[in-house]
Structures are given as C-alpha cells and as structure tokens.
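> quick one: sequence and predicted model below, then my questions.
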Amino acid sequence: AFITTKPLIDNSDPFSALAFRFFIVTIGFFLFSLYSKHKIFVSKKNFIESFFSGVLFHGLYLGGVFYAIDKNLSVGVTAIIVSLQPILTAIFAGPLLSEVVTWKQWVGIILGFFGTLLVIGFDVGESIPIIALIASIIGLAAITSGTLLQRKIGIDIPLATSNFYQAFSAFVFLIIVTYLFESPFINFSRDFILSMSWQIIFVSFGAFTILQYLINTGTASRTATLFFLVPPVSVVM
C-alpha cells in the first residue's frame, strides 16, 4: 500500500484519491454482503461503532499517510513512523484491554522504537517536513486508537457488513475533508488506475479484512507487532 500511494498522489490530491477508493470499496462490500446474505441493517450501536472505526482506520490513518507522502515525506520514513503503532498499542493494551505484554515483546518494541529514532535522526525540519511529520503522527494515533477500539468493542455483526459501514464512513469523512482543504482533482492515468486497483482489491478487500480478523480473534498487542514488518518491506520494495 505504501509503495502504490506515491503514484496515486502524483495523479490526484491525497483526499480525492482516498474518497474515490472508498466509494468503490463501499459498493464492493455492500454487494458482497447482499451476495453472502449477510444482514445490512444493524443496530444504532453497531452503526456508531463501525462508523468511528472507519473514520479512524481509513479516514484519519490513511489520510495522514497520504497527506504526509504528498508533502514529500518519503514512503520509507512514513512507514517507519506509523509503524510505531505496536509501541503505543502495547502501552495502552494493559490498562484498557487487560492484555499481558511479555518481556520478549517489550524488548522488540523498545528496539523498534530506537530504530525509528535512528532513521528519523535530526532531519526534522530539513529533509523531513514538519507538516508531513504531524500528518504521519496523526495517522499513527488514529490506527492505534482504531486497533484498541476494535479490540475493545469487538464485532457482533458480520465482518463484511462492518467493513461496508467502515468504508462508507471513510468515504463521507474524506469527501468533507477534500472540499474543506483541497482543490479536488484526479488524473485517471495508467499509473493511477493500476495503483488504485491494487489498493482497492488487495489492500481494502484483502489486507484490511485480514487485519480486522486478526484484531477480533487475537490480542491487540500481538497483532500490532506485525506492523514492524512494514518499514523493511516498504524500503526493500
């Protein structure tokens, strides 16, 4: 996802690209819910929970990532910053979720934190634009909050239905942000179409569904530590 973000924002403003993505994803999960005969209409409580999860995961997190890369923060550094999520998740998983974080996990978390500091170094304000850093930190806070919230409330509706409402809430949120802060445009070039297709099919329908499943069936802290794999893979790609 990080690698295909750059071609998207080269051909669009960051929020229009995301709004377009989640418009398609909303339709996709709606049709899949109908096909699989999952209930579409849910309780007010389930709707509110899914709505806020969608805003955190897809609106603020991805919005922060896309905006940071749009403001010339490198894909690798952006991935490293938001992949500090395991540290924040481990800190709050105990008091909020009553999860036990093992000493081995803490060692890995601490190493990940200092590795991030080494990469960022003293480049803030120079090769790392401050506005981009702030955007990536907002994204980091959002995905951490989303992970903790999702684990705390769980999902008592079908995953496809929850994903439908999450995608819909992200679409609404991103449309509002686009018209408040950007001059919307999309250039449907070959690079845009290929990158968007990847993000819709393999990231939104695939990876985020897997993430939701892992959060709901495992622990928040263990699931979050997988994010430490994102920076090296992104940098190598």
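Noted; the coordinates are in hand.

> could you count how many residues lie near Ile210?
11 (other Cβ atoms under 10 Å). All C-beta atoms are positioned from the backbone trio N, CA, C, and that covers glycine.

> now do the one helix or strand it maps to: which elements does it pack against?
Mapping Ile210 onto the secondary structure by DSSP states H and E places it in helix 208-217. With contacts defined as 3 or more Cβ pairs under 8 Å, 6 or more residues apart in numbering; DSSP states H and E, the secondary structure elements packing on helix 208-217 are helix 130-153, helix 159-181, helix 220-225.

> which stretch among the ones you listed comes nearest Gln212?
Evaluated with Cβ to Cβ, the helices and strands packed on helix 208-217 place helix 159-181 nearest to Gln212, the distance being 6.0 Å.

> just the C-alphas of stretch 230-237, formatted as PDB.
Listed next in PDB are the C-alpha coordinates belonging to stretch 230-237 (Å, rounded to 0.1, in the frame of the first residue of the first chain):
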ATOM      1  CA  VAL A 230       6.000  -2.800   7.200                       C
ATOM      2  CA  PRO A 231       9.100  -0.500   7.000                       C
ATOM      3  CA  PRO A 232      11.700  -3.000   5.900                       C
ATOM      4  CA  VAL A 233       9.400  -4.500   3.300                       C
ATOM      5  CA  SER A 234       8.500  -1.000   2.000                       C
ATOM      6  CA  VAL A 235      12.100   0.100   1.900                       C
ATOM      7  CA  VAL A 236      13.200  -3.000   0.000                       C
ATOM      8  CA  MET A 237      10.300  -2.600  -2.500                       C
END
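
> what's the spacing between whichever strand or helix holds Pro95 and its chain's center?
Taking DSSP H and E as the definition, one finds Pro95 inside helix 85-97. Between the mean C-alpha location of helix 85-97 and the chain-wide mean there is a distance of 17 Å, by Cα atoms, centre = their mean, to the nearest Å.

> would you mind pulling up the elements that it packs against?
Packing partners of helix 85-97 (3+ Cβ pairs under 8 Å, 6+ apart): helix 103-120, helix 130-153, helix 220-225.

> remind me what the second one packs against, helices and strands.
Contacts of helix 130-153 with other secondary structure elements, assessed using 3+ Cβ pairs under 8 Å, 6+ apart, are made with helix 44-54, helix 62-70, helix 75-82, helix 85-97, helix 208-217, helix 220-225.

> what are the buried residues along stretch 200-207?
By neighbour count on 16 or more other Cβ atoms under 10 Å, the buried set for stretch 200-207 is 200, 203-205.

> picking that back up, tell me the mean pLDDT for the helix holding Ile210?
For helix 208-217, mean pLDDT is 82.
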